[in-house]
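Visitor: sharing a model prediction with you, sequence too.
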Amino acid sequence: MSLHLDARQRAMLQEMGVTVWGPSPAQEATAQPPASAPSAPAAVAAPTVAPPRAQPHAPSPAPAERPPAPLAHTTSRSTSPAPAPATTGPAAPALRLHPPQALYPTADPAQTPAGLGRGWLIVAESMTPAEPLGGDAGRLLDNMLRAMQLHRHPRVFLAALERSAPGTEASADIPATLADAVAQLQPAMVLVLGHVAARAALGRTEPLGRLRAGPHVLAGCPAVVTYDPAFLLRSQDNKAAAWADLCRALAMVRSAEAEG
């Protein structure tokens, strides 16, 4: 934008020492084109804009199925799971110990075979302590003792263990009571039948298979642990092992008699 100064104004500015760099009035007059009447702008037709065509929506691709995660291969170096805490096992049942009773009181002592010793004490759990040779388990026990010829011995006793019914009192000290019975009867051998009897008589909680293998002593008398008749009725395959235990008990008695 330039200043439109006349000659008088320019002269005054020059007197003040202000230099004016704009063109002179004569130059402005010659340089300015003649004014022309403004012409109306031509109407420009607005371009017609076609409405946008609806674009067909392409179906969105289904998400790619994620491949199943590979199974972890267990190797010998994999960390083994932490062992479960050891449990103490089920508590021992409350038991009543019945006084020893003779199983074959009518046997003739004169007909007792040699090598059977001065007597036997059997400790076993019984469902019918009043009739220890009754029922299926009692009949199997009778057959086992007859196979050993003990039915011909008048001094074969059974101390029956019975599970206490609700409201009945259990025996206080079964090992001490059995020790008194051993001291009174003086048997040559004590047969302990079953895990319940082994826990009650010997105070042992190991598996029955381990108890069968080891020698035991009850109040100074040798003892042998084997399966109880009720278990043998459910597991017929163990009858041969039970018979081997009974033969070992017989061998121990005969050996003691030979040494004495």
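Guide: Looks like it came in fine.
Visitor: quick one: buried residues of stretch 94-106?
Guide: Buried residues in stretch 94-106, counted by 16 or more other CB atoms under 10 Å: 95-98, 100, 103-104. Yep, even glycine has a C-beta here, placed from its N, CA and C like the rest.
Visitor: stretch 113-120 too?
Guide: Buried, per 16+ other CB under 10 Å, within stretch 113-120: 116-117, 119-120.
Visitor: can you tell me the element residue 139 falls in?
Guide: Taking DSSP states H and E as the definition, residue 139 sits inside helix 135-147.
Visitor: ok, and what's touching that helix?
Guide: Here helix 135-147 makes contact (CB atoms under 8 Å, 6 or more residues apart in numbering) with 103, 122, 124, 126-128, 131-133, 151, 156, 193, 228-230, 232-233, 242-243, 246.
Visitor: please apply the same query to stretch 155-163.
Guide: With CB under 8 Å, 6+ apart, stretch 155-163 has contacts from 93-104, 118-127, 129, 132, 145, 150, 174, 178, 181, 185, 187, 196-197, 200.
Visitor: from the residues you listed, which land in strands?
Guide: 95-97, 101-102, 120-125 (DSSP state E).
Visitor: mind putting those residues into TSV with pLDDT and distance to residue 139?
Guide: Formatted as TSV, the ones in strands among the contacts of stretch 155-163 follow (pLDDT from 0 to 100; distance: CB to CB, whole Å):
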residue	pLDDT	distance to residue 139
95	90	23
96	88	23
97	93	23
101	96	17
102	97	18
120	98	19
121	98	21
122	98	15
123	97	19
124	96	14
125	93	16
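Visitor: now, among the residues you listed, which is nearest to residue 164?
Guide: residue 96 (5.4 Å; CB to CB).
Visitor: that closest one - nearest residue in space that isn't next to it in sequence?
Guide: In this structure, residue 96 finds its nearest non-sequential neighbour in residue 162, 4.8 Å apart by CB to CB, 6 or more residues apart in numbering.
Visitor: distance of that neighbour from residue 190?
Guide: Distance of residue 162 to residue 190, given as CB to CB, to the nearest Å: 19 Å.
Visitor: give me the more crowded residue out of these two.
Guide: A count of neighbours by other CB atoms under 10 Å puts residue 190 above the other of residue 162 and residue 190, at 27 against 20.
Visitor: quick revisit: A helix includes the residue nearest to residue 96, no?
Guide: No - Residue 162 is assigned strand when assessed by DSSP: H, G, I helix; E, B strand; the rest coil, not a helix.
Visitor: contacting residues around residue 115?
Guide: Going by CB under 8 Å, 6+ apart, residue 115 touches 250, 253-254, 257.
Visitor: secondary structure class for it?
Guide: Look at residue 115: counting by three-state DSSP, its state is coil.
Visitor: pLDDT wise, what is it at?
Guide: Listed pLDDT for residue 115 reads 94.
Visitor: got phi/psi on it?
Guide: As for residue 115, its main-chain torsions (degrees, to the nearest 10) stand at phi 90, psi 10.
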